Structures are given as C-alpha cells and as structure tokens.
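1. Sequence first, predicted coordinates after that:
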Amino acid sequence: GRDTIYRGTVARVSGLGVTLAFEDISELEQAADMRRDFVANVSHELRTPLTALLGFIETLRGAARDDPAARDRFLGIMEREALRMNRLVADLLSLSRVEAEERVRPTARVDLVGTAASVLATLRGVAEAAGVELELDAEADVPLVPGDGDQITQVLHNLVENALKYGASGGKVQVQLRRIAVHPHLRGAGVSLAVVDHGEGIDPLHLPRLTERFYRVDSHRSREKGGTGLGLAIVKHIVNRHRGRMKVESEKGEGTRFEIVLPLQ
Ligand code: ADP
C-alpha cells in the first residue's frame with residue numbers, strides 16, 4: 001500500500017514542552033496527485049490537435065497557398081482535429097456533470113428497452129458503415145428502473161459505440177436486457193443490461209484499469225477511431241450514481257461483454 005504521510009503542526013507551546021498535532025494527509029495528497037495527473041492529461045489531449053491545427057494554418061499560409069488540392073486535404077485534416085477537440089470537451093463536460101451530482105433523482109423511471117432501441121437507431125448508420133449488425137434482445141417484461149434517462153442513454157451509447165469501434169467488422173453487436181431476481185451485490189431485484197461484441201477482445205491485464213480516465217489499451221487505435229479515453233470513466237460514474245454494478249468479461253480475439261446491473265429499489 002501507500003505510506004502514510006503525516007503533516008505536523010505545532011499546536012501548543014507551553015512551559016513544559018511542545019505538542020505536535022498530526023493528521024493523516026495521505027488521502028489528501030492522493031487526491032491532489034490525481035487532480036494534477038488529470039489536468040496534465042487534459043492539457044496533453046488538447047495540445048495534440050491544437051499543435052496539428054497551428055501547423056496546418058502555417059502550411060496553408062505558405063507552401064499550400066496556391067495548391068487547391070493540398071488546401072482541401074489540409075482543411076479536411078483540420079476539421080478532423082477540431083472535431084476531436086469538440087468531442088473531448090463534450091466528454092469532459094459530461095464527466096464533470098455526473099461527478100458533480102451526488103445522487104440521481106429517484107423519482108424518474110427509465111424504460112431501458114425503449115432507451116436501448118433509440119440508442120441503436122442513432123448508431124444504425126455507424127454500424128452499417130462498419131459492416132456490423134446491431135441486435136436488441138430484450139425479455140418480454142423488463143421493468144422500469146429508477147434513474148436518470150439521459151444518463152442511462154449515455155451509458156448505452158458509450159458501450160455500443162465502443163462495441164462498434166473495437167468490434168470485428170462483419171460481426172454482430174447485441175444489447176441484452178433481462179430482469180434479475182436477486183443479485184449478490186444488490187439488495188433485491190435489478191435489471192441486467194449487457195452489450196456483447198465479437199471483436200478484438202481485451203487482454204485481462206487491462207481490465208482493472210479500463211474505467212480510468214484516459215486509460216486506453218492502444219492509444220493509437222483509440223485516437224484513430226475518434227476515442228477520447230473518457231467513455232468508460234463516464235459509464236462507471238453514472239453506474240455508481242445509480243448504485244448499480246458493472247462487470248467486464250473479455251477474451252482476446254473472441255470479444256467482450258460489458259454487463260451493468262441496475263437496482264429496482
Ligand atoms: P475510448 O474513447 O478510447 O474508446 P473508453 O473509455 O471508451 O475510451 O475505453 C477505454 C479503452 O478500453 C479503449 O481505448 C479500448 O482500448 C478499450 N475498450 C473499450 N471497449 C472495448 C471493446 N468493446 N472491445 C475492446 N476494447 C475495448
């Protein structure tokens with residue numbers, strides 16, 4: 001584990017001696033470390049596309065000035081880099097929003113089947129382009145779950161988008177919904193929501209760190225696919241806010257299954 005760090009303050013100086021008051025600040029230090037790492041990561045992630053943009057502006061002013069074909073190509077790249085920054089900022093805002101909320105309003109009831117159907121409809125075009133078939137496999141009477149509809153939409157969207165990004169082309173991506181009577185980690189019943197792909201799979205070594213902000217198994221591949229490295233961090237936060245559970249099972253070369261169980265109570 002981590003060493004305990006003590007910060008001492010002189011609490012009292014009396015004729016008899018000096019008393020030092022100690023507090024354990026290892027947790028505070030750890031939080032400060034994480035904040036620093038996060039800021040460094042965000043800066044790096046923003047700087048990469050910015051550097052590219054500045055470079056291409058320079059080129060457009062100079063060498064590519066009188067070359068329409070080159071100009072179009074460079075503008076295309078610049079647009080891609082700007083869109084990347086846009087996605088990153090959108091994900092950062094989502095993350096800070098879900099982190100700021102203590103708990104979800106328990107009054108709202110979410111229809112997971114309807115939510116899944118609309119997420120799949122939104123991603124239909126992406127799936128077709130990737131040559132992947134999307135399938136919704138829902139039990140007959142999946143109950144409504146207490147939660148925030150927008151946040152649960154985002155969970156499903158991020159998981160299905162990942163399944164499409166890292167899934168094998170020509171394969172199938174399934175969203176499975178079923179009621180669970182008892183769950184070992186939840187009090188009482190819940191609804192299980194699983195996203196299954198038959199793609200590249202994830203080495204078990206990476207599984208424990210997958211939901212960390214900016215953690216990627218293959219940075220180059222994630223960036224190439226337009227990933228921000230924040231998708232699963234957002235998912236984890238939303239699931240925690242709903243007091244749900246998340247599980248990942250994966251086999252290299254076989255595919256991956258993300259399962260989320262949301263409590264009914
Ligand atoms: P990203 O924006 O990079 O996709 P995520 O937080 O959504 O970020 O995912 C983190 C990493 O987990 C990804 O970079 C990828 O390496 C891995 N990953 C996520 N989902 C899958 C999946 N369905 N199959 C294989 N790898 C995945």
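-> Yes, it's here.

2. How far off centre is the helix ranked longest in the chain?
-> Of all the elements of type helix in the chain, the one with the most residues (DSSP state H) is helix 26-61. From the chain centre to the centre of helix 26-61 is a distance of 18 Å (CA atoms, centre = their mean, to the nearest Å).

3. Could you pull up the contacting residues of the closest residue to the ligand within the stretch 1-150 of the chain?
-> Residue of the stretch 1-150 of the chain nearest the ligand, by CB to the nearest ligand atom: Asp91 (7.9 Å). C-beta here means a position set from N, CA and C on the backbone, and glycine is covered the same way. Contact analysis of Asp91 by CB atoms under 8 Å, 6 or more residues apart in numbering lists Thr228, Leu230, Gly231, Ile234.

4. check those against the ligand, which are close?
-> Near the ligand, judged by CB under 6 Å from any ligand atom, the entries from the contacts of Asp91 are Thr228, Leu230, Gly231.

5. Closest to the ligand out of those residues?
-> So of the ones next to the ligand among the contacts of Asp91, ranked by how close each gets to the ligand (CB to the nearest ligand atom), first place is Gly231, at 2.6 Å.

6. How much space separates the nearest residue to that closest one once chain neighbours are set aside from the ligand?
-> Excluding the flanking residues, the one nearest Gly231 by CB to CB, 6 or more residues apart in numbering is Asn158, at 4.2 Å. According to CB to the nearest ligand atom, to the nearest Å, Asn158 and the ligand sit 6 Å apart.

7. do Leu207 as well
-> For Leu207 relative to the ligand (CB to the nearest ligand atom), the value is 9 Å.

8. With Gly188 instead?
-> Gly188 is 29 Å from the ligand, by CB to the nearest ligand atom.

9. Same check on Asp203?
-> Distance, Asp203 to the ligand, using CB to the nearest ligand atom: 9 Å.

10. where's the nearest residue to that residue once chain neighbours are set aside relative to Glu200, distance?
-> Excluding the flanking residues, the one nearest Asp203 by CB to CB, 6+ apart is Lys252, at 5.9 Å. The spacing between Lys252 and Glu200, counted by CB to CB, to the nearest Å, is 8 Å.

11. out of these two, which sits in the more crowded spot?
-> Between Lys252 and Glu200, counted using other CB atoms under 10 Å, Glu200 has the larger neighbour count: 19 against 11.

12. The more buried one touches Gly253, doesn't it?
-> Yes. At 6.8 Å, Glu200 and Gly253 qualify as touching, with contact defined as CB atoms under 8 Å.

13. picking that back up, show me the contacts for the residue nearest to Asp203.
-> Glu200, Gly201, Ile202, Asp203.

14. Can you turn the buried part of these into a PyMOL selection?
-> This is how PyMOL selects the buried members of the contacts of Lys252, with burial counted by 16 or more other CB atoms under 10 Å:
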select buried, resi 200+201+202
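
15. May I see the contacts of Lys252 organised as a markdown table, with pLDDT and secondary structure added?
-> Putting the contacts of Lys252 into a markdown table (pLDDT from 0 to 100; DSSP: H, G, I helix; E, B strand; the rest coil) gives the following:
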| residue | pLDDT | secondary structure |
| --- | --- | --- |
| Glu200 | 90 | coil |
| Gly201 | 93 | coil |
| Ile202 | 94 | coil |
| Asp203 | 93 | coil |
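
16. quick one: which helix or strand includes Val261?
-> strand 255-263 (DSSP states H and E).

17. so what does that strand touch, helix or strand wise?
-> For strand 255-263, the elements it packs on are strand 145-146, helix 149-166, strand 190-197, helix 231-241, strand 245-251, judged by 3 or more CB pairs under 8 Å, 6 or more residues apart in numbering; DSSP states H and E.

18. mind listing what that strand pairs with, with the direction of each?
-> Applying DSSP bridges, strand 255-263 is found paired with strand 190-197 (antiparallel), strand 245-251 (antiparallel).
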